[in-house]
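Trainee: missing the sequence, but the structure's below:
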């Protein structure tokens, strides 16, 4: 055998064909890239949900996208679960059985009266709140009562956990327990409609709220009978609440000794009975303390039988200095004293010192996570021991665990006792290790969202431990965990955990300076607020995300944010595409220009038309405020308000066009009066100032009127009686008079209205008012044959021929003949 080039026989294959050239290439090792430490590409887990009337696409890579649910893609209506389905779901939601030896079953002592009373009240449809200190046996009593009430309600018994849950979370939990509606999260109105018809006995342990939220929960479920369990520090119900109160006290001395004998599984000696009496007085008869005391006595029995029973766990190496189990040189190994009274009242540190190494490491992680114990499937990866899953059985056998929903957490008071013993010194490092593990696990495509939701409390606790930390890499680890877990929480319909993860991730990204991740969290928070109906928060979060992504040139992310922001504007009734504005919101004042005086329209008519235009503009821009909270708003109000304003604007435009058309027609067809006639040019408005010579347009000067040529070729001006005057040979013309090729508008100074009866010096104001100018040349009116009025002045000496002052005047010019109509 060649030691360098090994043949197939080394790996159990024969030599047939080895070394022969088969003409085929060697197979590539690309499928084994992961074996060399490189990660292979994984497909992202994309889930579509139906929150209310939205279609939410949870995309863990680019961010979630939300849109109105298209027609035909609405989910099926929720279906009520059968009794068998409810039983299977309850069994799956129960905490897992700890591996290892079975834990001794503790009987329910001195609780028969409370048990019977609770069953009677629930059978009558009354809701009850059981109040007792931590460790008083509330959970055991609730389990017994739930078994007795299995057939009372049509929807059976529903078990819920109130640990770190709000009233809204419990309503959705009740909906999911009774109805089968995958990927559907109803809105608030539909949720209240569904839970109103649920008739069940709801057993709710670890209630953490009272007062108004509790009343809201009871009012939303009138057909349910609730059995709550809470500690005395939880807020009490309202004064007008119809909730019954049952208080649990501790056990008496005889029941406490009996419970201790059940745990030890043997009768107590006289010395142990006296010790149990002192412990009963110290602990006020709490059952939890006697369960833990029984674990101490079992460990003591083990040491009596085998003094080296805990050597393999390193008990004698890592024991506390003041441990009463120490052995002097003259003390026999089999003489083990009873624990002290203080150790019996707070036995967590002493019990933990006799556990195995993986069990103690599990306690370190639980203390770092605020009392949340990771699932037993995660313990081998966290601890680094393949048999670490058995640690959960050790902790449960010592009374250090208590069930919390589908998981376990440290029992009441254990966290404080372990922290005093030094178990919290490496909490930051343990939390960072847990965060890195959960980040890899939650983002793996093979992990379904329901499993991630089951670990939600531990995941959120790991992020909460890291976010305020100032050690290097802690904030980045929290960002990575939030980035992986948040989409799974959203897909698993655990939206309270989704919000907590997003907010912790956003704060961690801000601390670590990861702007792109911070923009992602802002976007997700905006989508979450939009789906839950909080439009103001949604707008703020989405605008922040769009701004950050615009600064990062993230075009696709900015587009997704703008789409969501458009839905926010649509739901809130704000300005959307098309410029619609909802009723009750302010709109900037409309800007308009002064309309020019139409042809033949008098000053009074122009003022009236301008006033009408202002009124119409104000009518169009004015928006009636909303009638109140019950007024229709949102998208429907915006559409109706926009259509109404469009109709008003169209009607106003038609009315104004009709008025102007009528006035123009009357001005074009009217004839001039001889006594009130005057010559008005058609190209220059009468109200325009003479900016070239500094004279107002309605002030006559001593210069000749433009276009009035004299027989000698010089222009003539009206004389004292209104007739034009001919200048002498030495008189010079004004700079404003028209030249041979000038048109009436080229001089820059329009003619006066009607001629005056007296000579007016240059620069003085005339006594007559000017008529409005003609914006377009009207047709030449025919002379009135019935008009017998005489002209006010003598005939002109210009070549222009005029039969009467009321008729049109013809003026000769170099460019042709100009007809100047007069207007009455």
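Mentor: Received, thanks. This structure is a prediction, so every number in the text was calculated from the model and none was measured. Numbers count the residues shown, from 1 in each chain.
Trainee: contacts and neighbour counts: CA atoms only from here.
Mentor: Will do.
Trainee: Contact partners for residue 347?
Mentor: Residue 347 makes contact with 292, 293, 296, according to CA atoms under 8 Å, 6 or more residues apart in numbering.
Trainee: Try it again at 10 Å.
Mentor: The neighbourhood of residue 347, defined by CA atoms under 10 Å, 6 or more residues apart in numbering, consists of 289, 292-293, 295-296, 339-341, 398-400, 414, 417-418.
Trainee: Counting only strands, which of these make the cut?
Mentor: Of the contacts of residue 347, none are assigned to strands by DSSP state E.
Trainee: for the strand or helix carrying residue 525, packing partners?
Mentor: Assigned by DSSP states H and E, residue 525 belongs to helix 515-532. On a contact count with 3 or more CA pairs under 10 Å, 6 or more residues apart in numbering; DSSP states H and E, helix 515-532 meets strand 47-51, strand 54-58, strand 65-68, helix 474-491, helix 495-512, helix 535-551, helix 555-572.
Trainee: Just want the angle from the first one to strand 54-58.
Mentor: I take that to be strand 47-51. Here strand 47-51 runs at an angle of 150 degrees relative to strand 54-58 (axes from the mean of the first three to the mean of the last three CA atoms, to 10 degrees).
Trainee: Direction included, what does strand 47-51 pair against?
Mentor: Strand 47-51 has the following strand partners under DSSP bridges: strand 54-58 (antiparallel), strand 184-185 (parallel).
Trainee: low-confidence ranges in the stretch 551-700 of the chain?
Mentor: Low-confidence segments of the stretch 551-700 of the chain (pLDDT under 70): 574-648, 668-700.
Trainee: If we use 50, what do you get?
Mentor: 576-642, 671-700 (pLDDT under 50).
Trainee: Also the stretch 51-200 of the chain?
Mentor: For the stretch 51-200 of the chain, no range has pLDDT under 50.
Trainee: Let's see which of the contacts of residue 347 end up in helices.
Mentor: Of the contacts of residue 347, the ones assigned to helices by DSSP state H are 289, 292, 293, 295, 296, 341, 414, 417, 418.
Trainee: which residues does the third one contact?
Mentor: Pointing back at residue 293 there. Contacts of residue 293 by CA under 10 Å, 6+ apart are 260, 263-264, 276, 279, 287, 299, 339, 343-348, 351, 398-399.
Trainee: List only those of these flagged as buried.
Mentor: Neighbour counting by 16 or more other CA atoms under 10 Å classes 260, 263-264, 276, 279, 287, 299, 339, 343-348, 351, 398-399 among the contacts of residue 293 as buried.
Trainee: In helices, which of those appear?
Mentor: Among the buried ones among the contacts of residue 293, the members falling in helices (DSSP H) are 260, 263, 264, 276, 279, 287, 299, 343, 344, 345, 348, 351.
Trainee: Those: which two are farthest apart?
Mentor: 287 and 299 (18.9 Å; CA to CA).
Trainee: In a helix, residue 194, correct?
Mentor: Yes: checked against DSSP: H, G, I helix; E, B strand; the rest coil, residue 194 lies within a helix.
Trainee: and it, how many residues sit next to it?
Mentor: Neighbour count for residue 194, taken as other CA atoms under 10 Å: 18.
Trainee: thinking residue 295 is in contact with residue 397, fair?
Mentor: Yes: counting by CA atoms under 10 Å, residue 295 sits close enough to residue 397 to count as a contact (7.3 Å).
Trainee: intersection of neighbour lists for those two?
Mentor: Contact criterion CA under 10 Å, 6+ apart; residues shared by residue 295 and residue 397: residue 263.
Trainee: And the helices in the stretch 51-200 of the chain?
Mentor: Listed in chain order, the helices of the stretch 51-200 of the chain (DSSP state H, counting those that start in this stretch) span 83-93, 112-123, 138-148, 167-178, 188-196.
Trainee: close enough to count as contact, residue 535 and residue 569?
Mentor: Yes: the criterion here is CA under 10 Å, and residue 535 meets it with residue 569 at 8.4 Å.
Trainee: Can you tell me which of the helices of the stretch 51-200 of the chain is most buried?
Mentor: A comparison of the helices of the stretch 51-200 of the chain by mean neighbour count, using mean count of other CA atoms under 10 Å, puts helix 167-178 on top with a mean of 19.
Trainee: and the angle for that one with helix 83-93?
Mentor: Using the same axes, to 10 degrees: helix 167-178 against helix 83-93 is 130 degrees.
Trainee: Now do helix 167-178: which elements does it pack against?
Mentor: Applying 3+ CA pairs under 10 Å, 6+ apart, one finds that helix 167-178 contacts strand 79-80, helix 83-93, strand 157-161, strand 184-185, helix 188-196, helix 212-220, helix 495-512.
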